[in-house]
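**Q** next one to model:
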Amino acid sequence: MPELPEVETTRRGIEPHLLGRQVREVIVRHRGLRLPVPESLESITGDRFTRIDRRSKYLIMALERNGHLLVHLGMSGSLRIAEPSAAFKKHDHIALALDSGKQLRFHDPRRFGIFLHLPEGDPLQHPLLRDLGPEPLGEGFTPAHLATGCAGRKAAIKSVIMDAKLVVGVGNIYASEALFRAGIRPSMPACRISKPRLAKLVDAIRRVLTESIEQGGTTLRDFTNSDGEPGYFRQRLFVYDRKGEPCRICGSPIRHAVMGQRSTYWCPKCQK
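**A** Below is the predicted model of the structure:
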């Protein structure tokens, strides 16, 4: 599943191909995504892209005259730049033909993604976005903010940091990796973690996501090859999906459990 680093890498990859470009044609091959693709999408023909932003795992594409596009990659989606002559894949559901002669194609085998047109209003006030917490790499995500969110909460700290109302974009893989770096066991009740340890966790979340975005430049760099597959999660992980393998720090076997219906991994020695 594309997480925040993959979505940010996608944003950086498609931005130079979209900014200032005019939409010459809108091709909708399937409207049945998680939310139906609106009929108004065709109205952006002739408009230009002026800005490509990200909020949590959503892409917000500003148009010169017709509002914004709001895109979520779902569990299996990707955006690629393709030549018009390239054959459509089975799950290429939307294509925007650009005045550069290229096409932006939305590919989503499981159809859990979103491709909406918001003709007016502030996209950040859309119901999908308005109640989200701060960005983990932004100024709003501080040790004090995390401490406030953990106060009185007996839930496992891993579940707490994955709550998008507290902080966005800390998905399952990155939660496990950040907790390892902070030396905190995933099952620890959030209310029992000291403020110094929470400050360390904030730093670990920031570092894990920043490094993953930087590495995304190599795993997702080819946005002009329509046959390319997005190589999500090829980073050198410390604990995630390493059940029984030796910890890279102490050599202890990595443990695994299902926590909140999510696979969770930790080192029993390095994380307390």
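**Q** what are the ranges of the helices in the stretch 101-250 of the chain?
**A** Here the stretch 101-250 of the chain has its helices, by DSSP state H, counting those that start in this stretch, at 143-150, 157-161, 172-182, 195-219.
**Q** can you put the ones you listed in a markdown table and add distance to residue 104, mean neighbour count and mean pLDDT?
**A** C-beta coordinates here come from the backbone N, C-alpha and C atoms, glycine included. Below are the helices of the stretch 101-250 of the chain laid out as a markdown table (distance: least, CB to CB, whole Å; neighbours: other CB atoms under 10 Å; pLDDT from 0 to 100):
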| stretch | distance to residue 104 | mean neighbour count | mean pLDDT |
| --- | --- | --- | --- |
| helix 143-150 | 36 | 17 | 98 |
| helix 157-161 | 33 | 23 | 98 |
| helix 172-182 | 27 | 24 | 95 |
| helix 195-219 | 19 | 17 | 87 |
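**Q** so can I have TSV of those showing distance to residue 38?
**A** TSV is the format used below for these (distance: least, CB to CB, whole Å):
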stretch	distance to residue 38
helix 143-150	35
helix 157-161	34
helix 172-182	31
helix 195-219	30
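**Q** between those, which one is nearest to residue 110?
**A** Comparison of the helices of the stretch 101-250 of the chain against residue 110 by CB to CB identifies helix 172-182 as nearest, at 16.9 Å.
**Q** which other helices and strands does the closest one contact?
**A** helix 157-161, helix 195-219, strand 262-266 (3 or more CB pairs under 8 Å, 6 or more residues apart in numbering; DSSP states H and E).
**Q** and those: which comes nearest residue 237?
**A** Of those, the one closest to residue 237 (CB to CB) turns out to be strand 262-266, at 8.7 Å.
**Q** can you tell me what sits against that closest one?
**A** Residues outside strand 262-266 that contact it (CB atoms under 8 Å, 6 or more residues apart in numbering): 158, 162, 172, 176, 179-180, 185-187, 239-243, 254-258.
**Q** if we use 7 Å, what do you get?
**A** 158, 172, 176, 179-180, 185-186, 239-243, 254-258 (CB atoms under 7 Å, 6 or more residues apart in numbering).
**Q** now stretch 123-134
**A** 55-56, 58, 60, 68, 70, 118, 140-141, 145, 164-168.
**Q** show the pLDDT at residue 232.
**A** We have a pLDDT of 47 for residue 232.
**Q** same thing with the one 4 residues further on?
**A** Confidence at residue 236, expressed as pLDDT, is 74.
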